[in-house]
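Asks: below is the sequence, then the predicted model.
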Amino acid sequence: MDICKHLPNLQGLYLDRNQLSGQLPATLSKLLSLSLFYNKFAGSIPREIGNLSKLEYIDLRRNSFAGSIPPSFDPFAGTKSPFRQSPIRYWHLAPGS
């Protein structure tokens with residue numbers, strides 16, 4: 001069950017240090033803050049998360065993600081990147097740090 005689908009106005013999701021596993025949901029459309037530090041999420045980071053135009057804070061370290069970081073997370077890639085306009089103040093994606 002995708003809990004985020006049932007919370008369409010969710011602005012902050014802080015689930016650090018909970019040993020959660022599986023894949024990240026892609027339905028987090030209005031988030032300002034996402035912190036999933038020190039869990040057991042695996043797979044790739046959904047491309048849709050990079051398109052969250054209001055996202056200001058993201059911490060995904062200490063998980064088991066595989067693959068590359070989606071191009072939408074690159075603040076310098078293309079003019080369509082939401083991070084060129086978004087006021088991201090903190091983002092930490094480093095694996096195992």
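Replies: Received it, and whenever you're ready, just let me know what you need.
Asks: all helices for the protein, in order.
Replies: Along the chain, no stretch is classed among the helices by DSSP state H.
Asks: need the strands for it, in chain order.
Replies: 12-14, 21-22, 33-35, 40-43, 57-59, 64-65, 90-92 (DSSP state E).
Asks: could I get the ones you listed as TSV with mean neighbour count and distance to Asn51?
Replies: In short, each C-beta sits where N, CA and C put it, glycine included. Shown next, in TSV, are the strands of the chain (neighbours: other CB atoms under 10 Å; distance: least, CB to CB, whole Å):
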stretch	mean neighbour count	distance to Asn51
strand 12-14	13	16
strand 21-22	10	21
strand 33-35	18	13
strand 40-43	14	18
strand 57-59	19	13
strand 64-65	14	17
strand 90-92	13	14
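Asks: want to throw these into JSON lines with mean pLDDT and distance to Pro71?
Replies: Converted to JSON lines, the strands of the chain look like this (pLDDT from 0 to 100; distance: least, CB to CB, whole Å):
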{"stretch": "strand 12-14", "mean pLDDT": "90", "distance to Pro71": "23"}
{"stretch": "strand 21-22", "mean pLDDT": "89", "distance to Pro71": "24"}
{"stretch": "strand 33-35", "mean pLDDT": "88", "distance to Pro71": "18"}
{"stretch": "strand 40-43", "mean pLDDT": "88", "distance to Pro71": "17"}
{"stretch": "strand 57-59", "mean pLDDT": "86", "distance to Pro71": "15"}
{"stretch": "strand 64-65", "mean pLDDT": "84", "distance to Pro71": "15"}
{"stretch": "strand 90-92", "mean pLDDT": "63", "distance to Pro71": "15"}
